[in-house]
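S.K.: coordinates only, sequence not included:
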């Protein structure tokens with residue numbers, strides 16, 4: 001699910017306020033319009049005690065905008081602002097409140113500031129926002145508000161760090177710009193962190209919808225910023241059911257472009273020859289749209305013949321773009337099934353399942369390059385001169401450093417075919433790739449994988465860090481979790497033919513134990529040491 005995060009749109013940050021952001025009030029009409037396009041909206045609120053340590057007034061002899069050390073952290077000293085219970089701390093009067101599900105206060109600790117809406121500046125305490133978003137099933141966030149170069153930037157960075165697919169809406173934000181290029185530097189920093197920079201026009205369509213529909217023969221652009229989905233499938237000269245309308249309605253909350261070949265007035269069957277300009281225009285539009293699309297959603301309606309859709313199935317079976325729905329009563333179900341099996345094309349049995357599969361893939365990362373090959377689990381992508389691997393139907397990976405009450409680390413050992421050797425690793429798993437688990441949060445997936453591999457259930461699963469697993473080879477991002485409050489409920493060992501051996505190693509002996517195991521020829525995954533480092537940092 002997608003969520004809009006409104007950062008600190010409060011009176012003291014508006015013109016005339018104690019810490020006014022230039023043109024801060026100008027974003028409010030646009031922010032209100034954006035709210036209507038999202039299924040979930042939250043807000044953050046600076047909520048300082050009167051003598052907060054970030055205030056220049058709390059430090060005799062210091063003046064506003066001086067830089068000091070505050071409890072071990074660099075701190076810019078600000079004018080007194082957003083003091084609890086005052087008018088300055090209130091959300092802006094023009095900001096619509098009816099769609100805001102929750103407001104998360106920040107900066108409440110007298111000794112540490114909190115630019116981010118998710119953590120304080122030292123990442124010592126969470127505001128609860130990130131955990132709450134994950135409990136609601138949120139996987140993608142759109143951040144805007146005040147101010148771009150401080151609270152908005154740090155909120156977006158922390159959201160990305162926690163594993164959310166993160167976007168910054170530039171024209172729905174304004175910056176302080178203490179230095180003339182602070183906003184520019186903030187945007188560059190967000191880009192380097194993998195955050196997408198958007199304008200509101202990239203999201204909003206007439207009526208406040210996030211989705212956009214282009215119907216043949218409307219002009220097509222050279223490329224799309226949003227994920228593009230081509231609605232392939234039964235039309236039968238206009239006689240087939242209007243299933244495209246059902247998909248379009250279901251995808252309204254998604255940031256997606258829907259390419260619909262079904263024009264309002266379909267061409268008569270007698271007009272289907274290459275010399276007919278209208279027919280040529282239709283076919284060339286479809287071919288171009290298929291090439292532009294990131295996803296090809298193909299539905300074979302039960303009572304249709306769909307000869308062109310069968311042709312398109314053959315054309316795009318190897319592309320990695322296809323998701324197919326084919327009911328049992330379709331007259332060529334066997335042909336469709338065999339093609340999908342051979343080329344590892346996801347196949348479902350009805351329109352509802354197709355919509356669910358499409359929306360799940362839309363929520364994942366958009367491969368920006370050319371797909372060279374795809375299989376059931378992986379796609380090979382070429383972008384410029386670089387080739388890399390992307391996981392199919394997955395939203396990320398979870399890595400777990402699990403510590404028992406007896407201070408033992410849980411490790412797993414199994415034979416890994418790519419390296420032709422047994423390997424000792426942290427428990428881990430892919431997120432969102434299994435049928436029935438596409439709506440799982442990252443923490444839920446990590447808990448399930450830990451239970452399957454080790455037999456231990458974790459009452460608490462905390463995200464420690466997020467980053468690429470191997471940035472030169474794959475687009476995959478890994479979230480490292482710390483699992484505590486463990487209870488053994490089974491033997492573990494994994495699923496199917498994984499044949500996993502579970503090791504419980506005393507934390508105090510982990511170094512020598514790993515060294516000894518390595519000398520036997522077992523490979524030791526270096527990510528174990530990463531997990532141990534972060535475990536030490538968070539103890």
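M.R.: Structure received. Because the structure is predicted, anything quoted here is derived from the model rather than measured.
S.K.: What ranges does this structure have for its helices?
M.R.: Using DSSP state H, the helices assigned to the chain run over residues 28-35, 129-135, 153-161, 182-192, 243-250, 277-292, 307-316, 333-342, 351-363, 442-454, 510-519, 527-538.
S.K.: Serialize those to JSON lines and add fields for mean pLDDT, distance to residue 381 and mean neighbour count.
M.R.: Any C-beta I mention is one placed from the backbone N, CA and C, and that applies to glycine too. Shown next, in JSON lines, are those (pLDDT from 0 to 100; distance: least, Cβ to Cβ, whole Å; neighbours: other Cβ atoms under 10 Å):
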{"stretch": "helix 28-35", "mean pLDDT": "91", "distance to residue 381": "31", "mean neighbour count": "18"}
{"stretch": "helix 129-135", "mean pLDDT": "93", "distance to residue 381": "28", "mean neighbour count": "20"}
{"stretch": "helix 153-161", "mean pLDDT": "95", "distance to residue 381": "21", "mean neighbour count": "26"}
{"stretch": "helix 182-192", "mean pLDDT": "93", "distance to residue 381": "20", "mean neighbour count": "16"}
{"stretch": "helix 243-250", "mean pLDDT": "93", "distance to residue 381": "26", "mean neighbour count": "17"}
{"stretch": "helix 277-292", "mean pLDDT": "91", "distance to residue 381": "16", "mean neighbour count": "15"}
{"stretch": "helix 307-316", "mean pLDDT": "93", "distance to residue 381": "16", "mean neighbour count": "17"}
{"stretch": "helix 333-342", "mean pLDDT": "94", "distance to residue 381": "21", "mean neighbour count": "15"}
{"stretch": "helix 351-363", "mean pLDDT": "89", "distance to residue 381": "15", "mean neighbour count": "20"}
{"stretch": "helix 442-454", "mean pLDDT": "89", "distance to residue 381": "23", "mean neighbour count": "23"}
{"stretch": "helix 510-519", "mean pLDDT": "95", "distance to residue 381": "34", "mean neighbour count": "14"}
{"stretch": "helix 527-538", "mean pLDDT": "85", "distance to residue 381": "24", "mean neighbour count": "16"}
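S.K.: Would you reformat those as CSV and include distance to residue 397?
M.R.: Output for the helices of the chain, formatted as CSV (distance: least, Cβ to Cβ, whole Å):
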stretch, distance to residue 397
helix 28-35, 31
helix 129-135, 16
helix 153-161, 15
helix 182-192, 21
helix 243-250, 28
helix 277-292, 29
helix 307-316, 28
helix 333-342, 26
helix 351-363, 16
helix 442-454, 9
helix 510-519, 22
helix 527-538, 11
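S.K.: Residue 398: which of those is closest?
M.R.: Nearest of the helices of the chain to residue 398, taken as Cβ to Cβ: helix 442-454 at 3.8 Å.
S.K.: any idea how far the closest one is from the chain center?
M.R.: 19 Å (Cα atoms, centre = their mean, to the nearest Å).
S.K.: cool, stretch 87-100 as well?
M.R.: Between the centre of stretch 87-100 and the centre of its chain there are 27 Å (Cα atoms, centre = their mean).
S.K.: Out of the helices of the chain, which gets nearest to residue 460?
M.R.: It is, among the helices of the chain and with distance given as Cβ to Cβ, helix 442-454, at 9.3 Å.
S.K.: So what touches that closest one?
M.R.: Here helix 442-454 makes contact (Cβ atoms under 8 Å, 6 or more residues apart in numbering) with 134, 163, 396, 398, 400, 402, 410, 412, 427-432, 437, 440, 456-458, 461, 463, 479, 481, 483, 489-490, 492-495, 498, 500, 502.
S.K.: can you tell me which of the helices of the chain comes nearest to residue 471?
M.R.: Evaluated with Cβ to Cβ, the helices of the chain place helix 182-192 nearest to residue 471, the distance being 12.3 Å.
S.K.: and the closest one, what does it pack onto?
M.R.: Packing contacts for helix 182-192, counted by 3 or more Cβ pairs under 8 Å, 6 or more residues apart in numbering; DSSP states H and E, involve helix 153-161, strand 165-174, strand 196-198.
S.K.: Output the ones you listed in JSON lines; the columns should cover distance to residue 220.
M.R.: Output for the helices and strands packed on helix 182-192, formatted as JSON lines (distance: least, Cβ to Cβ, whole Å):
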{"stretch": "helix 153-161", "distance to residue 220": "31"}
{"stretch": "strand 165-174", "distance to residue 220": "24"}
{"stretch": "strand 196-198", "distance to residue 220": "21"}
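S.K.: And those: which comes nearest residue 241?
M.R.: Closest to residue 241 of the helices and strands packed on helix 182-192, according to Cβ to Cβ: strand 165-174, at 33.4 Å.
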